[in-house]
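Student: Give me a model of this one.
(one chain, ligands or ions: 2)
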Amino acid sequence: MQEEIKTLLKEQGFTPTKKRLAILDVIFKIQPASVNQIINSLPEIDRATVYRTIDLFIDLNIAKKVYTGFKYRIELGDSFQEHHHHLTCLRCKTVMDVQTPEIEFAIDQTTKNNGFRPMRHDLEIIGYCANCS
Ligand SMILES: [Zn+2]
Ligand SMILES: [Zn+2]
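Tutor: Ligands and ions are numbered 1, 2, ... in the order given. The predicted model follows:
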C-alpha cells in the first residue's frame, strides 16, 4: 500500500520525501488521526510542513478529512482502504470504524433514482460508546 502511494506521488510529480513518508506512516498507524496527533508523533517535522503535506495528500485523494463536530481527523482515502463510517463518542472521544451496507445500499438507490452519479458522501454519527453510556 505504501508502495502504491509512493508511485502515485511520483506520477503526480511529487518526490516521496522522508518527511512525506513519515507523515503517511503516522496516518496509517493512527487513522483517523487528528492533525495534532500527527504533529505530536513527529516532533522533528515543523507544523507548517505537516499541514502542507496533509493538504497535498487530500488533493491527491491519498487522504481525506473525516468531520467530527467542528473538528476533523485525517484518514486514508477510499482508494486505499475499505469504505466505512465512524461512530464518535462525545465523552471519551473514541472513534470506531463501522461498515454500513444498508446505508450504502440506500445511498446507491437514492442516487440511481435521481440519475445522479455519486462521488463521495459523509455521515457523522455522534453519541456515547458502550463504556460511556
Ligand atoms: Zn466513550
Ligand atoms: Zn458510506
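Student: contacts, neighbours, all on C-alpha from now
Tutor: OK.
Student: helices and strands of this protein: which one bottoms out on pLDDT?
Tutor: When each helix and strand of the chain is scored by mean pLDDT, DSSP states H and E, strand 63-68 comes last, with a mean of 87.
Student: for the very next helix or strand once past that one, packing partners?
Tutor: The first helix or strand that comes after strand 63-68 along the chain, using DSSP states H and E, is strand 71-76. Secondary-structure packing of strand 71-76 (3 or more Cα pairs under 8 Å, 6 or more residues apart in numbering; DSSP states H and E): helix 18-30, strand 63-68.
Student: Go again with 10 Å.
Tutor: helix 18-30, helix 35-41, helix 47-59, strand 63-68 (3 or more Cα pairs under 10 Å, 6 or more residues apart in numbering; DSSP states H and E).
Student: Can you give me every residue that contacts P32?
Tutor: P32 is in contact with 26, 63-66, 72-76, 86, 95-97, counting by Cα atoms under 10 Å, 6 or more residues apart in numbering.
Student: hmm, 7 Å instead?
Tutor: R73, I74, E75 (Cα atoms under 7 Å, 6 or more residues apart in numbering).
Student: correct me, but the second one touches S34?
Tutor: Yes. Distance between I74 and S34: 6.1 Å, which falls inside the contact criterion (Cα atoms under 7 Å).
Student: For H86, name its beta-bridge partners.
Tutor: Judged by DSSP bridges, the bridge partners of H86 are D97, E124.
Student: Highest neighbour count among the contacts of P32?
Tutor: Tallying neighbours with other Cα atoms under 10 Å puts E75 at the head of the contacts of P32, with 25 neighbours.
Student: Show me how the record splits this protein into domains.
Tutor: Following automatic domain parsing, the chain resolves into domains at 2-80, 85-127.
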